[in-house]
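Trainee: Predicted model and sequence below, questions to follow.
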Amino acid sequence: PAYWDTQHWFLFVVVVSFIGTIFFSLYYLCLAEPLNKLQVNWLMVEFWFTAIATFGYFTAFIAMLADFSGAEDEEYQYWIDANIAAGVFGLFNDVVYGAGAYLIYVDWKANPTGATAPPPAV
């Protein structure tokens, strides 16, 4: 359970990023055709979501590690260690989301309109 503000922020970032990632996974798996009728540049939306998630994870893992890395308590050390581990995994997620944001940015700049490629001529 989250007792401190840094834990609340960390869990908020994790849950929002997870829900957004599920949405974009479902978009690519089965929702691309119906959602492309909305005339939204989904590649740009995905880039900005990933960039914001990267920043959110950066602030969240820094907050967790700054808050718990120096803490020691004989009785609750396992809980403190679990929060430090959460901060470290937040660092890993931040790196992955950052790499994903870069790759999406490269794809976005290669195709700024976000239009799908036409089917190959036979």
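Mentor: Everything's here; your move.

Trainee: When you work out contacts or count neighbours from here on, use the C-alpha atoms and nothing else.
Mentor: Noted.

Trainee: Helix, strand or coil: sort out A71 for me.
Mentor: Secondary structure assignment for A71 (DSSP: H, G, I helix; E, B strand; the rest coil): coil.

Trainee: For it, what are phi and psi?
Mentor: phi -80, psi 140 (degrees, to the nearest 10).

Trainee: Please list all residues in contact with it.
Mentor: A71 is in contact with I80, counting by C-alpha atoms under 8 Å, 6 or more residues apart in numbering.

Trainee: and A85, how many neighbours does it have?
Mentor: A85 has 17 neighbouring residues, counting by other C-alpha atoms under 10 Å.

Trainee: Quick one, grab the pLDDT at A121.
Mentor: For A121, the pLDDT comes out at 73.

Trainee: Provide the secondary structure category for it.
Mentor: Under three-state DSSP, A121 falls in the coil class.

Trainee: Now it, what are its backbone angles?
Mentor: Backbone torsions of A121, given as degrees, to the nearest 10, read phi -80, psi 140.

Trainee: And for Q39?
Mentor: Phi and psi for Q39, reported as degrees, to the nearest 10, are phi 60, psi 40.

Trainee: Likewise for the one 4 residues further on?
Mentor: Dihedral angles of L43 (phi, psi; degrees, to the nearest 10) stand at phi -70, psi -40.

Trainee: now that we're looking at it, how far away is W79 from it?
Mentor: Distance, L43 to W79, by C-alpha to C-alpha, to the nearest Å: 40 Å.

Trainee: okay, those two: which has more neighbours?
Mentor: It is L43, of L43 and W79, that has more neighbours when counted by other C-alpha under 10 Å, with 20 against 13.

Trainee: Would you mind measuring from I62 to F10?
Mentor: Noted for I62: a distance of 10 Å to F10, by C-alpha to C-alpha.

Trainee: With P34 instead?
Mentor: Here the criterion is C-alpha to C-alpha. By it, P34 lies 33 Å from F10.

Trainee: W42 now?
Mentor: In terms of C-alpha to C-alpha, W42 sits 26 Å off from F10.
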